[in-house]
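# Fold the stuff below for me.
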Amino acid sequence: MTMTVLQPPGWAAPIGYANGISVPAGRIAFIAGQVGWNEQQVFESEELAPQFEQALKNVLAVLSEAGGRPEAICRITAYCSDKPAYLKARSELGKIWRRLMGKHFPAMSMIFVAELLDHPAKIELEATAIIEDEG
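So this is what the prediction gives:
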């Protein structure tokens, strides 16, 4: 599938995300907010980076059920309840991202919130993906 990055002329290049993505028609997969728990809804860590990794793996597992690969993701919204931990872990989060997503950077938003529903969640990721029509 061909995704077109939307980068207005003269704008500084964003780091680690795209300002916008345009995609041709296909099947749309909406992936609900995924927190950093395992398949049995158990948190194996209270630290941000391991939770981020598990949440992203959860997003990719749901996407895989729709027949999609990481490159199909065109938008991710992240909700984080610990801004200082996020800022401290940015380098580690980037390494996790590159290991699971490669150099694919969709449109993204980071929203800091007071808390998340599932304790002790520190981050929640939701995504939208466009999966090519078969045929």
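
# where do the strands sit along this protein?
Counting by DSSP state E, one finds strands in the chain at the ranges 4-5, 21-22, 27-35, 73-80, 107-112, 123-131.

# Export those strands to CSV and append columns for mean neighbour count.
(Each C-beta comes from the backbone N, C-alpha and C, glycine too.) Listed next are those as CSV, based on neighbours: other CB atoms under 10 Å:
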stretch, mean neighbour count
strand 4-5, 12
strand 21-22, 15
strand 27-35, 17
strand 73-80, 20
strand 107-112, 13
strand 123-131, 22
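
# got the ones you listed as TSV, with distance to Gln51 columns?
Listed next are those as TSV, based on distance: least, CB to CB, whole Å:
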stretch	distance to Gln51
strand 4-5	28
strand 21-22	26
strand 27-35	7
strand 73-80	10
strand 107-112	15
strand 123-131	5
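
# Note down every partner strand of the helix or strand of the chain with the lowest mean pLDDT and its orientation.
When the helices and strands of the chain are scored by mean pLDDT, DSSP states H and E, strand 21-22 comes last with a mean of 84. In the sheet, strand 21-22 lines up against strand 4-5 (antiparallel) (DSSP bridges).

# Could you list the low-pLDDT ranges of this structure?
1, 134-135 (pLDDT under 70).

# Next, work out how far apart the residue most central in space within the chain and His119 are.
In the chain, the centroid-proximal residue (CA atoms, centre = their mean) is Ile76; its distance is 4.4 Å. Per CB to CB, to the nearest Å, Ile76 is found 23 Å from His119.

# Might you report the residue contacts of the residue nearest to Met110 when sequence neighbours are not counted?
Of all residues not flanking Met110 in the chain, Ala78 sits nearest, at 4.9 Å (CB to CB, 6 or more residues apart in numbering). Ala78 makes contact with Met108, Ser109, Met110, Ile111, Ile123, Glu124, Leu125 under the criterion CB atoms under 8 Å, 6 or more residues apart in numbering.
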